[in-house]
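In: Just a sequence and a predicted model for now, questions to come.
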Amino acid sequence: MSGMGSSHAPMVSVPLGIPLSRMASGTSWAPDSAPQRMIDVHAGDWLLMVHGQAFGQYDRQSGLHGDAQTGLVDWEMFSALRPAAGGLVRATLMTSLERAVLGSRGYPQLLQSGGVASHQRIPNRQHPHDPVGEASAAYDHSLTSKLAASLYVAAVGEPALGPVAYMHRASASADPFAPIGHHWEDASHESAGVITAGLYSRAIKLEGSVFNGRDADSRDFNPNYDGARLDSYAGRVIVAPAGFVALAAWAGYLADHDPLEPGVSMQRFGASLMTTTRGVAGGSLATTLVWGLNNHHHNPAEHEHDPTVVTPTHHLSTAALVESTLEIGVRTSLYARLEQVQKSGYDLGFLTGDLTELFNVREIAVGAARDFADAGAVTFGLGARASVDLLPGTLRLTYQTTHPTGFAIYLRARPRLTSRHMETRMPIAGPMR
């Protein structure tokens, strides 16, 4: 969140001199050099900021399980920060109109999984974001000249489990689609109840969370606290050795996470690497690598009912992602995402057989976007995205092909990058300033 205020505005800063640009989704850290687009104003001692993007898109996914839809993918984040008692207090509200525009089933996306709507799984679609995706407050305070502490409390928010959520990554800033490995990586970013405590230095952060790990049913417009308990937990370490890179690793336990499998829990592990360096003509090059592992515990219904077969009580599955966005100046973006995920028959929406059987699925997506007009603090752009999925032969009958494709075109609105923000961006890789 760089480029804050004028020389006459009150100073708002993170303890230990850490730049606001490092503060990403929830309590995660991004590279200091990540470009930030926002609308920011000072109101007394408060710094008020608005981030977000909206994509009006036409999305077409081919094949037997494909679909076509015109809709809206969006998120808006409103933040208020001010100095308090020698530290920094933050309040954040994140909203989305997707549930109202797209309905409970979200938008078509081949091989996507994990969403639930009206007590039914919605494979090959990305579930809509919640109307309230975050409602949180946080406080950071220096303990010594080299050590600080933080406390984050959220009615809806993100525990210390996963990388920076994909919507907030510079490497995914021009891509309106969720990764197909979303539920192996950063799917807990809308948890209905989170408390996170952390200790950090200038370069290292250790944090732990207790949270409500139950996934939402997309039929609900309001946060659903039925049966909610802070009985899931997670821990994460983040290392920022230089201003252009951030590394993270995490582990967590999600209790009773699936609304269609009550009483079944899961462990999640993972690691990420994020970098932001110089792009072309004053733009940036942002890249993210994420690896995630889920240890799925089983419901007996996921197995074939064969009394002669000894069935395991759990299985491991992994997801890997690399994504990158190259900016050419401040108006043109080229991006790509490559993924491999081990998805079970249960994930893919199968109804019979051994639903724990794993299939290695891969996706390659590329796209481009170009901003063409400004209106006040908002810029408008056009973009297009194409994807191809690489399926094993065992899924040929299910999808009627081993290479289904997808295509989308979209109109995008987002805060523009003002000259003041451009002046404060780190132009090249180097040590933290």
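Out: Yes, it's here. Numbers count the residues shown, from 1 in each chain.

In: in the helix or strand in which residue 370 is found, what's buried?
Out: Assigned by DSSP states H and E, residue 370 belongs to strand 358-375. For strand 358-375, a neighbour-count test (16 or more other CB atoms under 10 Å) marks 358, 359, 361, 362, 363, 365, 367, 368, 369, 370, 371 as buried. No exception for glycine: its C-beta is placed from N, CA and C like everyone else's.

In: same question, stretch 123-136
Out: Neighbour counts using 16+ other CB under 10 Å place 123-136 of stretch 123-136 among the buried residues.

In: From those residues, pick the one nearest residue 216.
Out: Nearest to residue 216 out of those is residue 130 (CB to CB; 6.3 Å).

In: what kind of secondary structure is the closest one in?
Out: What DSSP: H, G, I helix; E, B strand; the rest coil gives for residue 130 is coil.

In: Please give me every residue in contact with it.
Out: If you count contacts by CB atoms under 8 Å, 6 or more residues apart in numbering, residue 130 has them with 96, 99, 156, 190, 216, 223.

In: Could you pick out which of these are located in strands?
Out: Secondary structure from DSSP state E places residue 156 of the contacts of residue 130 in strands.

In: Closest to residue 170 out of the contacts of residue 130?
Out: Using CB to CB, the contacts of residue 130 come closest to residue 170 at residue 96, 19.9 Å.

In: Tell me how far the nearest residue to that closest one once chain neighbours are set aside lies from residue 98.
Out: In this structure, residue 96 finds its nearest non-sequential neighbour in residue 129, 4.0 Å apart by CB to CB, 6 or more residues apart in numbering. Look at residue 129 and residue 98: by CB to CB, to the nearest Å, they are 5 Å apart.

In: Next, count neighbours for residue 21.
Out: 25 (other CB atoms under 10 Å).

In: ok but it is inside a strand, no?
Out: No: according to three-state DSSP, residue 21 belongs to no strand; its state is helix.

In: State the distance from it to residue 259.
Out: Distance of residue 21 to residue 259, given as CB to CB: 37 Å.

In: show me where the stretch 1-150 of the chain has helices.
Out: With helices called from DSSP state H, counting those that start in this stretch, the stretch 1-150 of the chain shows them at 98-102.

In: I meant the stretch 301-433 of the chain, not that one.
Out: Counting by DSSP H, counting those that start in this stretch, one finds helices in the stretch 301-433 of the chain at the ranges 396-399, 419-424.

In: need the contact list for the nearest residue to residue 62 once chain neighbours are set aside.
Out: Among residues not flanking residue 62 along the chain, residue 405 sits closest, at 4.9 Å (CB to CB, 6+ apart). Contact analysis of residue 405 by CB under 8 Å, 6+ apart lists 61, 62, 63, 386, 387, 388, 389.

In: Only the buried residues of stretch 231-246, if you could.
Out: Neighbour-count burial for stretch 231-246 [16+ other CB under 10 Å]: 231-238, 240, 243-246.

In: which residue ends up closest to the midpoint of this protein in space?
Out: Centroid check for the chain by CA atoms, centre = their mean gives residue 165 as the closest residue, at 2.2 Å.

In: now that residue: how far from residue 194?
Out: 13 Å.

In: Now the common contact residues for those two.
Out: 26, 158.

In: Model confidence at the residue nearest to residue 96, what's the number?
Out: Residue 129 carries a pLDDT value of 93.

In: What about residue 199, how many residues nearby?
Out: 14.

In: tell me which element it is part of?
Out: With DSSP H and E as criterion, residue 199 is part of strand 194-200.

In: which parts of that strand are buried?
Out: Judged by neighbour count using 16+ other CB under 10 Å, the buried positions of strand 194-200 are 194, 196, 197, 198, 200.

In: Mind listing residues that contact it?
Out: With CB under 8 Å, 6+ apart, strand 194-200 has contacts from 16, 26-27, 136, 143, 147-154, 156-160, 205-212, 230, 238.

In: Could you rerun that using 6 Å?
Out: Outside strand 194-200, the residues that touch it by CB atoms under 6 Å, 6 or more residues apart in numbering are 27, 148-154, 157, 159-160, 205-207, 209-211.

In: Which among those count as buried?
Out: For the contacts of strand 194-200, buried by 16+ other CB under 10 Å: 27, 148-150, 152, 154, 157, 159-160, 205, 207, 209-211.

In: just curious, which of those residues is nearest to residue 271?
Out: Ranked by distance to residue 271 (CB to CB), these are led by residue 160 at 13.4 Å.

In: The closest one is in contact with residue 234, isn't it?
Out: Yes: using CB atoms under 6 Å, residue 160 is in contact with residue 234, at 5.2 Å.
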